[in-house]
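Participant: have a look at this prediction, sequence included:
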Amino acid sequence: MAGSRSLPPVGVFALQGDVREHVTVLQHLGADVREVRTPADLETVGGLVIPGGESSVMDKLSRLFGLQAPLRERIRAGMPVYGTCAGLIMLADSIADGITGQESLGGLDVVVRRNAFGSQLDSFETDLDIPALGEPPVHAVFIRAPVVETVGEGVSVLSTLPDGRVVAVEQGRLLGTAFHPEVAGESRFHRRFLDHVAAA
Ligand code: GLN
């Protein structure tokens, strides 16, 4: 990747979720990747991927490990973040259908509904046209996925399902997808995230 030598290390939030898959994709793109579990880990990275997993557990653990406040501070200060699925929920300013007391980190001016596809469509795969990424379409894997229900003014919609539901958004240097590109060998979202890191 052009300019990768000047990139700072990037982190993957590693208290819960499919950490390894994201580390692998980022390393394939030439990034120096750190697993982030503590505020000290966070200080060493110039951008962060928050994986899929279970957002309510991520929320609890991030508070328990003292990461919530420093994460919010870094996001407010402009750190690039890419959240997939549970990671998107963590980035949402507002969560619908969260568990009692569930908090997010915020940063993306969106309302995200957890488990939006119900039990019948718990998990599915589809190909999505994403103009910002070009050809070919993205093979998107949805696993108990959320959807973006409301989008604020500064938020770009990168992708919708055929029925119009929003499943990928970007606001400044924050990127969020309701699906998992990392389990399908798709690296263009991670490349876009690294471009944000390079620009930051
Ligand atoms: N349903 C999960 C949550 O609420 C997200 C699922 C996922 O990350 N694949 O956090």
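Facilitator: Received, thanks.
Participant: quick check: buried residues in stretch 106-113?
Facilitator: Using 16 or more other CB atoms under 10 Å as the burial criterion, the residues of stretch 106-113 that qualify are 106-113. Quick note: C-beta positions are derived from backbone N, CA and C, even for glycine.
Participant: for the protein, what spans make up the strands?
Facilitator: Counting by DSSP state E, the chain has strands at residues 10-13, 33-36, 48-50, 81-84, 92-96, 108-113, 123-128, 138-143, 147-151, 156-160, 166-171, 174-177.
Participant: any chance of those in JSON lines, plus mean pLDDT and distance to L67?
Facilitator: Compiled in JSON lines, the strands of the chain are given as follows (pLDDT from 0 to 100; distance: least, CB to CB, whole Å):
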{"stretch": "strand 10-13", "mean pLDDT": "98", "distance to L67": "8"}
{"stretch": "strand 33-36", "mean pLDDT": "98", "distance to L67": "8"}
{"stretch": "strand 48-50", "mean pLDDT": "98", "distance to L67": "10"}
{"stretch": "strand 81-84", "mean pLDDT": "98", "distance to L67": "13"}
{"stretch": "strand 92-96", "mean pLDDT": "98", "distance to L67": "17"}
{"stretch": "strand 108-113", "mean pLDDT": "98", "distance to L67": "18"}
{"stretch": "strand 123-128", "mean pLDDT": "94", "distance to L67": "28"}
{"stretch": "strand 138-143", "mean pLDDT": "95", "distance to L67": "24"}
{"stretch": "strand 147-151", "mean pLDDT": "98", "distance to L67": "24"}
{"stretch": "strand 156-160", "mean pLDDT": "98", "distance to L67": "27"}
{"stretch": "strand 166-171", "mean pLDDT": "98", "distance to L67": "21"}
{"stretch": "strand 174-177", "mean pLDDT": "98", "distance to L67": "17"}
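Participant: report the two of the buried residues of stretch 106-113 separated the most.
Facilitator: By the measure CB to CB, G107 and R113 form the most distant pair in the buried residues of stretch 106-113, at 17.6 Å.
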